[in-house]
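# Here is a sequence together with a model predicted from it:
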Protein chains: 2
Amino acid sequence: MDALDRAIIAELAEDGRLSNVELAARIGLTPGPCLRRVQRLESEGVIRGYRAIVDPDAVGRGFEVIVHVDLSTQEAAAVAGFEAAVVALDEVVECQRLFGRPDYFLRIAVADLGSYEAFLTQKIMSLSAIGRVTSHFSMKALKG
Amino acid sequence: MDALDRAIIAELAEDGRLSNVELAARIGLTPGPCLRRVQRLESEGVIRGYRAIVDPDAVGRGFEVIVHVDLSTQEAAAVAGFEAAVVALDEVVECQRLFGRPDYFLRIAVADLGSYEAFLTQKIMSLSAIGRVTSHFSMKALKG
DNA sequence: GGTGAAAGCTAGCCGGC
DNA sequence: GCCGGCTAGCTTTCACC
């Protein structure tokens, strides 16, 4: 991992569809060696893959909410059941089990406030081990 | 936006470097019309761009912390100063201004616990409008 | 939506440093 | 060991049906 590798990563993180010749020109290499480096980074797992970035509004995921969940029990089976159920939900974009409080950090992506209300009451609050659920609404995304 | 467009989005979200001929075959179209659809989705802003997904560990960003920040004042100039300073930091991967408490939700990505300690004391807690800062450590990322 | 042709890209091979 | 030049084969992209 030298400066050239880092330059490749930076360029591809910015534009994942850069052609190899354009990438090579930007980092100051010829296409052959550049391609070998990209392939090495891919096979080593440094570059895990490529994704198209899709407008959330266009796919009905424009409304994001940060949710904190505390369970009513720490019993292993109940915890496992909650985790399996939550992870299976499409609307749950992220789920982290935390140390301390809250027990879980969730990020929910739905179309609008109405869908969120329906999602929360029907799919989250109906889970058996649920203790307290707190929704945090974003006023403005300053970064990310 | 018909079923074909949605199929294109799904395929490219999964693998952003799919060749146009492969993409066309998967959605059941020939390359020409398929490319026109992709270009339309790009120009309409439905597809915003393409990114390489990089292993966070490989670039010294393998340790993520969720941080809640409350400011000690709501005075406009202080708030603006805090926001500008936070957004400018590389380690801040996400920053949301929330309704209610906490005032801000931050996601920090650094190399390890030691770097996090240094980052928090030197770059966050030294900001003037800072009230309370709470770090939430992830035990396990179940999703996302 | 499909077809065909020109331009450009990818990916392997071999020589040079 | 890594870079650069070359070439064959494939892909992208456009005008036209």
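Okay, I see it.

# Near the closest residue to DNA strand D within chain A, how many residues? Count them for me, please.
At 3.1 Å from DNA strand D, A:G32 is the closest residue in chain A, using CB to the nearest atom of the strand. C-betas here are computed from N, CA, C, even on glycine. For A:G32, the neighbour count with other CB atoms under 10 Å in any protein chain shown is 10.

# Tell me the secondary structure at it.
helix (DSSP: H, G, I helix; E, B strand; the rest coil).

# ok, A:A141 - contacts?
Taking CB atoms under 8 Å, 6 or more residues apart in numbering or on different chains, we find A:A141 in contact with B:94-96.

# buried ones in the longest strand along chain A?
Assignment by DSSP state E gives strand A:130-143 as the longest strand of chain A. Residues A:130, A:133, A:135-136, A:142 are the ones in strand A:130-143 that count as buried (16 or more other CB atoms under 10 Å in any protein chain shown).

# How confident was the prediction at A:M1?
A:M1 is assigned a predicted lDDT (pLDDT) of 87.

# can you tell me which residues contact the residue of chain A most remote from its centre?
Distance from the C-alpha centroid of chain A, by CA atoms, centre = their mean, peaks at A:T30 (34.4 Å). A:T30 is in contact with A:A24, counting by CB under 8 Å, 6+ apart.

# Show the average pLDDT along the longest strand of chain A.
Strand A:130-143 comes out at a mean pLDDT of 97.

# and the nearest residue to A:V59 once chain neighbours are set aside, what helix or strand is that in?
The shortest distance from A:V59 to any non-neighbouring residue, by CB to CB, 6 or more residues apart in numbering or on different chains, is to B:I9 (6.8 Å). Using DSSP states H and E, B:I9 maps to helix B:3-14.

# which ones are touching A:L113?
Contacts for A:L113 (CB under 8 Å, 6+ apart) come out as A:F63.

# From A:R36, how far off is the nearest residue to A:L29 once chain neighbours are set aside?
Nearest in space to A:L29, with sequence neighbours left out and distances taken as CB to CB, 6+ apart, is A:L4 at 6.7 Å. A:L4 is 11 Å from A:R36, where distance means CB to CB, to the nearest Å.

# thinking again about what came up before, chain A: which of the contacts of A:A141 is nearest?
Nearest to chain A out of the contacts of A:A141 is B:E94 (CB to the nearest CB; 3.0 Å).

# Close to DNA strand C: what parts of chain A are there?
Residues of chain A lying near DNA strand C by CB under 7 Å from any atom of the strand: A:19-22, A:31-32, A:35, A:39.

# Does stretch A:19-26 reach chain B?
No. Applying CB under 8 Å from any CB of the partner chain, one finds stretch A:19-26 out of contact with chain B, separated by at least 10.6 Å.

# So which bits of that stretch are buried?
For stretch A:19-26, the neighbour count (16+ other CB under 10 Å) marks A:23-24, A:26 as buried.

# Ok, stretch A:80-100 next?
So, applying 16+ other CB under 10 Å, buried residues of stretch A:80-100: A:82-83, A:85-86, A:91-98.

# of all those residues, which two lie farthest apart?
Greatest spatial distance among the buried residues of stretch A:80-100 (CB to CB): A:E91 and A:L98, at 19.9 Å.

# ok, how many other residues are close to A:C34?
Neighbours of A:C34 (other CB under 10 Å): 22.

# quick one: contacts for it?
A:8, A:20, A:23-24, A:27.

# Could you do A:E91 as well?
For A:E91, the contact set (CB under 8 Å, 6+ apart) comprises A:108-110, A:119, A:123.

# And the pLDDT at it?
98.

# Now do it against DNA strand C, distance only.
Relative to DNA strand C, A:E91 is positioned 30 Å away (CB to the nearest atom of the strand, to the nearest Å).

# same check, this time on A:G49
Taking CB to the nearest atom of the strand, one finds A:G49 at 15 Å from DNA strand C.

# The helix or strand where that residue lies and DNA strand D in contact?
Using DSSP H and E, A:G49 sits in strand A:47-54. No. Strand A:47-54 is not in contact with DNA strand D by CB under 7 Å from any atom of the strand; minimum separation 12.4 Å.

# tell me the contacts of A:L89?
A:K123.

# circling back to that earlier point, would you agree the residue nearest to A:L29 is in contact with A:R37?
Yes. A:L4 lies in contact with A:R37 (CB atoms under 8 Å); the separation is 6.6 Å.

# returning to what we had before: may I see the buried residues of stretch A:80-100 organised as TSV, with distance to A:R51 and secondary structure added?
Listed next are these as TSV, based on distance: CB to CB, whole Å; DSSP: H, G, I helix; E, B strand; the rest coil:
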residue	distance to A:R51	secondary structure
A:F82	29	helix
A:E83	25	helix
A:A85	26	helix
A:V86	23	helix
A:E91	19	coil
A:V92	18	strand
A:V93	14	strand
A:E94	15	strand
A:C95	19	strand
A:Q96	20	strand
A:R97	25	strand
A:L98	26	strand
